[in-house]
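Asker: Could you work out the structure for the sequence below:
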Amino acid sequence: MKDLWGVLARQRDYRLMLSAGLISLVGDWLLRTGLAFQIYVLTGSTLASGGLLLASFLPAVLLGSLAGVFVDRWNQRTTMIVTNVLNAVVLLPLIAVHDASMIWIVYAVVLAQSCLQQFFTPAEQSLVPLLVNADQLVTANALNSQIRDLARLIGAALGGVLAAAGGLTLLALGDAATFLVAVVLVAAMRHRQERPDRVKESAGRAIRKLKEEWTEGLRLCVAGPAMRLFFVFCLVTGVGEGIMSTLFAPFVSADLGGDGKVYGLIVSSQAIGGIIGGLVAAAIGNRRPAATLWGVGAFAFGLVDTVLFLYPLASGSVVPAFVCMIVVGLPGALTIAGMMTVFQNLTADGTRGRIYGAVGAAESVAVLVGIAAAGFLGDAVGIIPVLVFQGLGYLVGGLVILSRRRVLAAATVPQPV
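Answerer: This is a model prediction of the structure:
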């Protein structure tokens with residue numbers, strides 16, 4: 001726990017950023033869970049519920065890589081403050097939604113929030129290496145991963161309660177309040193980093209410059225064997241995550257014989273494992289190279305997932321599913337902590353945002369490919385064979401990363417002091 005205490009006790013700005021992230025993520029899960037419930041209540045349509053997924057995914061595909069260019073130009077702390085304020089403001093139209101005829105407002109709000117997220121996330125990830133020492137980076141990334149699972153548990157429970165108690169109005173006000181609290185915490189950070197002043201340019205020159213920086217981000221995604229490995233891993237596992245999000249509910253129903261309650265409990269149990277895994281990863285992470293943590297974590301994650309998807313061929317019990325979903329939290333936390341640390345070490349401040357945005361956009365496309373493939377292949381091939389691909393993607397990816405960890409370590413760029 002020494003490494004964990006060293007980050008939380010001695011790095012005030014990181015502690016403030018982590019607290020702000022936890023609070024705003026609770027709000028995100030609160031709204032996400034409550035909206036899914038309220039939209040179905042208002043419309044009675046699963047197609048309308050599916051529209052929420054589309055509204056949240058499109059900005060990542062269309063805007064993600066371009067948003068990263070602006071994040072590299074702007075001060076990260078200021079970007080986080082402004083996007084949180086705007087997030088609170090764009091939630092307010094939800095108060096006007098009272099029946100199915102106004103459902104378009106919900107889609108517009110979700111679309112706007114997803115657009116803002118394309119600026120916030122690269123800014124946050126770019127700021128982490130500037131707030132902690134280089135030897136604390138794995139621990140910091142593990143804590144970032146852990147608060148996401150903690151927020152999922154808290155926010156999902158609150159979302160259902162608020163949706164039942166006050167509908168969209170209470171959901172909007174509750175989520176807006178979390179963004180404003182996050183603004184106060186981020187504003188209290190002492191870290192300041194000014195970007196160099198840009199020379200005033202003509203509109204044509206500014207557009208050309210923007211295009212150059214955007215294409216540079218795309219090029220840097222695959223510049224060198226280390227970044228190519230990171231990029232390909234994101235694509236392969238992105239397809240797998242799309243498959244998982246599409247077929248896991250049918251898997252629980254058709255292959256495990258579970259109902260909606262069982263499905264909800266199994267999904268929630270993953271968050272419990274993630275919280276425990278995040279603490280373990282934060283405590284031990286800096287004792288091993290980040291690439292090793294990434295490779296071992298990905299291999300173990302894929303192995304547990306493969307067991308989860310194949311065991312129904314031999315047993316009809318749902319107990320192993322709960323066990324697997326909890327156990328997978330530890331390798332999942334190691335994978336995220338190691339992977340993000342490797343990425344931050346492979347990139348330099350000033351270009352990190354555009355690279356992160358470009359990778360994120362490509363990964364979102366991969367998720368959509370996985371969703372589409374699962375929809376077609378689930379019926380044609382079977383649910384279990386398609387889901388096994390997700391586990392094998394992590395398993396094989398982990399082996400490749402372990403075999404190339406020296407390449408990943410050698411490609412590390414100097415980080416700012």
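Asker: those strands in this protein, which residues are they?
Answerer: Counting by DSSP state E, the chain yields no residue ranges for strands.
Asker: Show me what the longest helix anywhere in the chain is packed against.
Answerer: Counting residues, the longest helix found in the chain (DSSP state H) is helix 137-187. With contacts defined as 3 or more Cβ pairs under 8 Å, 6 or more residues apart in numbering; DSSP states H and E, the secondary structure elements packing on helix 137-187 are helix 2-10, helix 12-43, helix 76-90, helix 103-131, helix 260-284, helix 290-310, helix 329-346. C-beta here means a position set from N, CA and C on the backbone, and glycine is covered the same way.
Asker: quick one: the longest one to helix 76-90, angle?
Answerer: Between helix 12-43 and helix 76-90, the angle comes out at 20 degrees (axes from the mean of the first three to the mean of the last three Cα atoms, to 10 degrees).
Asker: thinking again about what came up before, mean pLDDT lowest where, among the helices and strands packed on helix 137-187?
Answerer: Mean pLDDT is lowest for helix 2-10 among those, at a mean of 63.
Asker: before we move on, back to that, mean confidence for the longest helix of the chain?
Answerer: Here the average pLDDT along helix 137-187 is 81.
Asker: chain center to it, what's the gap?
Answerer: Helix 137-187 has its average C-alpha position 14 Å from the chain's average C-alpha position, going by Cα atoms, centre = their mean, to the nearest Å.
Asker: same question, stretch 288-302
Answerer: For stretch 288-302 - counting by Cα atoms, centre = their mean - the centre lies 18 Å from the chain centre.
Asker: buried ones in it?
Answerer: Within stretch 288-302, the residues that qualify as buried are 289-302, counting by 16 or more other Cβ atoms under 10 Å.
Asker: got a markdown table for these, with distance to Leu25 too?
Answerer: What follows is these, written out as a markdown table (distance: Cβ to Cβ, whole Å):
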| residue | distance to Leu25 |
| --- | --- |
| Pro289 | 28 |
| Ala290 | 23 |
| Ala291 | 27 |
| Thr292 | 28 |
| Leu293 | 23 |
| Trp294 | 23 |
| Gly295 | 27 |
| Val296 | 27 |
| Gly297 | 21 |
| Ala298 | 24 |
| Phe299 | 28 |
| Ala300 | 25 |
| Phe301 | 22 |
| Gly302 | 26 |
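Asker: And these, which is closest to Ala182?
Answerer: Ala290 (27.5 Å; Cβ to Cβ).
Asker: and the residue lying closest to that closest one once chain neighbours are set aside, how many neighbours?
Answerer: Of all residues not flanking Ala290 in the chain, Thr341 sits nearest, at 3.8 Å (Cβ to Cβ, 6 or more residues apart in numbering). Thr341 sits with 27 neighbouring residues when counted by other Cβ atoms under 10 Å.
Asker: rewinding a little: tell me which of the helices and strands packed on helix 137-187 is the most buried.
Answerer: Mean neighbours per residue, mean count of other Cβ atoms under 10 Å, is largest over the helices and strands packed on helix 137-187 for helix 329-346, with a mean of 26.
Asker: Show me what that helix packs onto, helices and strands only.
Answerer: For helix 329-346, the helices and strands in contact under the criterion 3+ Cβ pairs under 8 Å, 6+ apart are helix 103-131, helix 137-187, helix 225-250, helix 260-284, helix 290-310, helix 352-380.
Asker: if we go to 10 Å?
Answerer: helix 103-131, helix 137-187, helix 225-250, helix 260-284, helix 290-310, helix 352-380, helix 383-403, helix 405-410 (3 or more Cβ pairs under 10 Å, 6 or more residues apart in numbering; DSSP states H and E).
Asker: Now do Leu377 against Val26, distance only.
Answerer: 36 Å (Cβ to Cβ, to the nearest Å).
Asker: ok, now how distant is Phe389 from Val82?
Answerer: According to Cβ to Cβ, Phe389 and Val82 sit 40 Å apart.
Asker: Next up, the contacts around Ser245.
Answerer: Residues counted as contacts of Ser245 (Cβ atoms under 10 Å, 6 or more residues apart in numbering) are Leu53, Val367, Gly370, Ile371, Ala374, Gln390.
Asker: Neighbour-wise, give me the winner out of those residues.
Answerer: Within the contacts of Ser245, most neighbours by other Cβ under 10 Å means Gln390, with 28 neighbours.
Asker: quick one: Gly382 and Phe389 touch, right?
Answerer: No: counting by Cβ atoms under 10 Å, Phe389 is not a contact partner of Gly382; they are 11.6 Å apart.
Asker: The two: which is more packed in?
Answerer: Phe389 (20 against 14).
Asker: That one: what's it in contact with?
Answerer: Listed by Cβ under 10 Å, 6+ apart, the contact set of Phe389 reads Val236, Val239, Gly240, Ile243, Met244, Thr306, Phe309, Gly370, Ala373, Ala374, Leu377, Val381.
Asker: make it 7 Å
Answerer: Listed by Cβ atoms under 7 Å, 6 or more residues apart in numbering, the contact partners of Phe389 are Gly240, Ile243.
Asker: Also Phe233?
Answerer: So Phe233 contacts Gly397, Ile401 (Cβ under 7 Å, 6+ apart).
Asker: Hmm, Leu35 is touching Ser56, no?
Answerer: No: taking Cβ atoms under 7 Å as the contact criterion, Leu35 and Ser56 are not neighbours in contact, 10.0 Å apart.
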